[in-house]
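Peer 1: Show me the folded form of this:
(one chain, ligands or ions: 2)
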Amino acid sequence: MNQIIHPITSIKGSIEVPGDKSISHRAVMLGALSLGNTHIHGFLNGEDCLSTIRVFRQLGVEIDRVAETSYIIKGKGLNQLQEPKYVLDVGNSGTTIRLTAGILAGQPFHSVLIGDDSILKRPMKRIKEPLSLMGAKIDGREEGKYAPLSIRGGKLKGIAYHSPVASAQVKSAILFAGLFADQKTTVIEPFQSRDHSENMLLQFGAKLEKTNQEVTIWPSPRLEGQEVNIPGDFSSAAFFIAAALLVPNSLLRIKNIGLNPTRIGFLQAMQQMNGQIEILNLHYEGNESVGDILVKSSNLQGITISGDWIPKIIDELPLFAVVATQAEGITKVTNAEELRVKESDRISTIVNELRQVGVKVEELTDGFVIEGKQRIQGGQVSTHGDHRIGMAMAIAGLIAKEPIIIQQAEAVNISYPQFFEHLRQISTIK
Ligand SMILES: O=C(O)C1=C[C@@H](OP(=O)(O)O)[C@@H](O)[C@H](O)C1
Ligand SMILES: C=C(OP(=O)(O)O)C(=O)O
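Peer 2: Ligands and ions are numbered 1, 2, ... in the order given. Predicted coordinates:
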């Protein structure tokens, strides 16, 4: 499907975005492992989270949709998942395959995880290694480098693991496996990654201790079903933050957004670049901070981002590249080599798609450099099947000279099916 994005004159009004993708996955998984029912409100009905529901249904969990974004998960407890008859297909979702692998590592049965062409290229050694050290038998294509993954789980040993990457998916897979271990399990990260798993494990009654870069979990006798109210996804809100900052005469309120400090590196970057952004109505929902974001059009200044900032802005970096084209001076991102192993190689994809619409970008092995205040031309681009590339290029289209046509635009259904409709609602067209 092609989607045409026309230049607009302003962004106005207020908007709510769908539920947080990371939290939606985890609510299904921990709900499945708990005793009693888990009521989820504000679930993201994007393809990735629907893949998680499908996989856990195949593991014998009853999951009922009771309203548009509300589900009841009828928990099986830690030890009653069923051996699946068929392979488990995670679609496009890295979070589903890696976190589910952690849970399956603790199950006394065999299972196979597969996914789409993009999943088959994403690195799996990063979870195979620690889960194998814990005692699970895991194999995959090219000596365990890639899915399909075959897992024979069982009784696990607690380990202390220094993860070579700052990845919440790796950390969460190990912590979930740690629920089934014989003693405590510790994960140490080079930089802190998002901590939704830790927050939710605590909410469901697990024994866990954390500092910024180190988390320890103890094996659990049981988890208890919970009420989970999922806030809007900051990573989805980020597209509208960028739109309101870049399009002149804009004022936008984005309501009920998750503002977990490990997720809002993009917000901090925009503020450091002189973006006029206010947080209103800040409060806690479960263990997560939530609030409204008020954004005004702004004159942005270039900045440099690297190191511990990267995990906190990781999914917003393609969008950050689009914003950088409009900032005064030079914007530079380094240490972001993880971008190359996402749904697409997000460094080369965003660099190439921006070049398609006339932007000059320097590609680095671990990031990019963009000199700002460039005029974006119109033209044809493609998502390359990557939802975040599609939405980032749509924001470029709002401020381009001519319309931008986005090919394979259906990719946005992975994390934000209503994205184009919502964008239209807040846009004033020329
Ligand atoms: O745990 C999660 O929910 C996620 C972790 C991040 O991936 P990594 O763990 O690979 O960094 C992020 O890019 C992804 O969108 C969601
Ligand atoms: C990288 C992403 O997700 P996942 O790893 O779950 O496929 C993303 O949503 O940008």
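
Peer 1: Quick check: the gap between the closest residue to Asp20 other than its chain neighbours and ligand 2.
Peer 2: Of all residues not flanking Asp20 in the chain, Asp233 sits nearest, at 4.2 Å (C-beta to C-beta, 6 or more residues apart in numbering). Where C-beta positions appear, they are placed from N, C-alpha and C, glycine not excepted. Per C-beta to the nearest ligand atom, to the nearest Å, Asp233 is found 9 Å from ligand 2.

Peer 1: Asp233 against Leu44, yeah?
Peer 2: Yes - Asp233 is within contact range of Leu44, at 6.6 Å (criterion: C-beta atoms under 8 Å).

Peer 1: which of the two has more neighbours?
Peer 2: Leu44 (28 against 25; other C-beta atoms under 10 Å).

Peer 1: can you tell me how far that one sits from ligand 2?
Peer 2: 11 Å.

Peer 1: repeat for Ile330
Peer 2: 26 Å.

Peer 1: picking up where we left off before, intersection of neighbour lists for Asp233 and Leu44?
Peer 2: 18-21, 415 (C-beta atoms under 8 Å, 6 or more residues apart in numbering).

Peer 1: how about the nearest residue to the residue of the chain found nearest ligand 2, chain neighbours excluded?
Peer 2: In the chain, the residue found nearest to ligand 2 is Gly94; the distance is 2.7 Å by C-beta to the nearest ligand atom. The shortest distance from Gly94 to any residue that is not its chain neighbour, by C-beta to C-beta, 6+ apart, is 5.6 Å, and that residue is Arg122.

Peer 1: For the stretch 251-400 of the chain, just list every one of the helices.
Peer 2: Here the stretch 251-400 of the chain has its helices, by DSSP state H, counting those that start in this stretch, at 265-272, 310-313, 317-324, 346-356, 387-398.

Peer 1: would JSON lines of those helices with distance to Leu280 be doable?
Peer 2: Below are the helices of the stretch 251-400 of the chain laid out as JSON lines (distance: least, C-beta to C-beta, whole Å):
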{"stretch": "helix 265-272", "distance to Leu280": "13"}
{"stretch": "helix 310-313", "distance to Leu280": "21"}
{"stretch": "helix 317-324", "distance to Leu280": "22"}
{"stretch": "helix 346-356", "distance to Leu280": "31"}
{"stretch": "helix 387-398", "distance to Leu280": "23"}
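
Peer 1: okay if I get the ones you listed as CSV plus mean pLDDT and mean neighbour count?
Peer 2: Listed next are these as CSV, based on pLDDT from 0 to 100; neighbours: other C-beta atoms under 10 Å:
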stretch, mean pLDDT, mean neighbour count
helix 265-272, 98, 21
helix 310-313, 98, 23
helix 317-324, 98, 27
helix 346-356, 98, 21
helix 387-398, 98, 28
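
Peer 1: Minimum distance to Tyr86: which of those has it?
Peer 2: Evaluated with C-beta to C-beta, those place helix 387-398 nearest to Tyr86, the distance being 26.4 Å.

Peer 1: Residues of the stretch 251-400 of the chain that sit close to ligand 1?
Peer 2: Proximity of the stretch 251-400 of the chain to ligand 1, by C-beta under 6 Å from any ligand atom, involves residues 314-315, 338.

Peer 1: what about Val333, distance to Leu300?
Peer 2: 15 Å (C-beta to C-beta, to the nearest Å).

Peer 1: residues contacting the residue of the chain closest to ligand 2?
Peer 2: 119, 122, 169, 342-343.

Peer 1: Quick check: bridge partners of the closest residue to Ile293 other than its chain neighbours?
Peer 2: Residue nearest to Ile293 in three dimensions, not counting chain neighbours: Ile254, with 4.5 Å by C-beta to C-beta, 6+ apart. Judged by DSSP bridges, the bridge partners of Ile254 are Ile15, Ile293.

Peer 1: Number of residues surrounding Ile254?
Peer 2: Applying other C-beta under 10 Å, I find that Ile254 has 25 neighbouring residues.

Peer 1: give me every residue that touches the nearest residue to Gln82 once chain neighbours are set aside.
Peer 2: Distance criterion C-beta to C-beta, 6+ apart; nearest residue to Gln82, sequence neighbours excluded, is Gly60 at 3.3 Å. Counting by C-beta under 8 Å, 6+ apart, Gly60 makes contact with 76, 80-82.

Peer 1: Most neighbours among those, please name it.
Peer 2: Leu81 (23 neighbours).

Peer 1: Assess the claim that that one and Leu59 are in contact.
Peer 2: Yes - using C-beta under 8 Å, Leu81 makes contact with Leu59 at a distance of 4.5 Å.

Peer 1: For the two, list the residues in contact with both.
Peer 2: Ala32.

Peer 1: Could I get the average pLDDT for stretch 358-376?
Peer 2: Across stretch 358-376, pLDDT averages out at 98.

Peer 1: Output that stretch as CSV, nothing but the C-alphas.
Peer 2: Taking C-alpha atoms only, stretch 358-376 is exported to CSV below (Å, rounded to 0.1, in the frame of the first residue of the first chain):
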residue,chain,number,x,y,z
GLY,A,358,17.2,15.3,-1.3
VAL,A,359,18.7,15.3,2.2
LYS,A,360,22.5,15.1,2.7
VAL,A,361,23.5,12.7,5.4
GLU,A,362,26.8,11.1,6.4
GLU,A,363,26.5,7.5,7.3
LEU,A,364,28.8,6.2,10.1
THR,A,365,29.2,2.6,11.1
ASP,A,366,27.5,3.3,14.4
GLY,A,367,25.3,6.3,13.6
PHE,A,368,25.0,9.3,11.3
VAL,A,369,25.9,13.0,11.0
ILE,A,370,23.5,15.6,9.6
GLU,A,371,24.1,19.3,9.0
GLY,A,372,20.8,21.1,9.5
LYS,A,373,18.4,23.5,8.0
GLN,A,374,18.1,21.5,4.8
ARG,A,375,15.1,21.7,2.5
ILE,A,376,13.4,18.3,2.2
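
Peer 1: Now that stretch: buried residues?
Peer 2: 358-359, 361, 364, 367-372, 374, 376 (16 or more other C-beta atoms under 10 Å).

Peer 1: any idea how far Thr325 is from the nearest residue to Gln377 once chain neighbours are set aside?
Peer 2: Distance criterion C-beta to C-beta, 6+ apart; nearest residue to Gln377, sequence neighbours excluded, is Gly358 at 3.6 Å. With distances taken as C-beta to C-beta, Gly358 is found 10 Å from Thr325.

Peer 1: Tell me the residues of this structure that contact ligand 2?
Peer 2: So the chain meets ligand 2 at 21, 48, 93-95, 315, 342-343, 388, 415 (C-beta under 6 Å from any ligand atom).

Peer 1: which regions of the chain sit below the pLDDT cut-off?
Peer 2: For the chain, applying pLDDT under 70 flags the ranges 430.
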